[in-house]
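> output the structure for:
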Amino acid sequence: MDSMDAGKAVPELHSDLVQKYEKHGESTDKFWRSFDATERAKCMEILGLFFKRLSNMYDKA
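I've put the predicted structure just below:
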């Protein structure tokens, strides 16, 4: 993705995220807070299987 595509995509992605948070944020927050530290860590570990982790904050992958 070149910088021009990113410039167009970021506002669209942000808008989508805002809409999802407004719709699901409260219930997701309650659900997340019901977990203890071990359960939260397991969720993050599972998410890591589906999403590529960046090697550092400057990784453009």
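> just the helices in this structure please.
Here the chain has its helices, by DSSP state H, at 3-33, 37-50.
> make CSV out of those helices and add distance to residue 57 and mean neighbour count.
To be clear about C-beta, it is placed using only N, CA and C from the backbone, and glycine gets the same treatment. As requested, these are arranged in CSV below (distance: least, C-beta to C-beta, whole Å; neighbours: other C-beta atoms under 10 Å):
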stretch, distance to residue 57, mean neighbour count
helix 3-33, 16, 10
helix 37-50, 17, 9
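> which of those sits closest to residue 58?
helix 3-33 (14.8 Å; C-beta to C-beta).
> how much does the closest one deviate in direction from helix 37-50?
Going by axes from the mean of the first three to the mean of the last three C-alpha atoms, to 10 degrees, helix 3-33 is angled at 150 degrees with respect to helix 37-50.
> who does helix 3-33 touch, helix- and strand-wise?
On a contact count with 3 or more C-beta pairs under 8 Å, 6 or more residues apart in numbering; DSSP states H and E, helix 3-33 meets no helix or strand.
> please state the mean pLDDT value computed over that helix.
Per-residue pLDDT over helix 3-33 has a mean of 88.
> let me have the helices of the chain in JSON lines, extended by distance to residue 59.
As requested, the helices of the chain are exported to JSON lines (distance: least, C-beta to C-beta, whole Å):
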{"stretch": "helix 3-33", "distance to residue 59": "14"}
{"stretch": "helix 37-50", "distance to residue 59": "15"}
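> among those helices, which comes closest to residue 61?
Among these, the nearest to residue 61 by C-beta to C-beta is helix 3-33 (13.2 Å).
> report the central residue of the protein.
When C-alpha atoms, centre = their mean is applied to the chain, the residue found nearest the centroid is residue 17 (8.8 Å).
> contacting residues for that one?
By C-beta atoms under 8 Å, 6 or more residues apart in numbering, residue 17 lies in contact with nothing.
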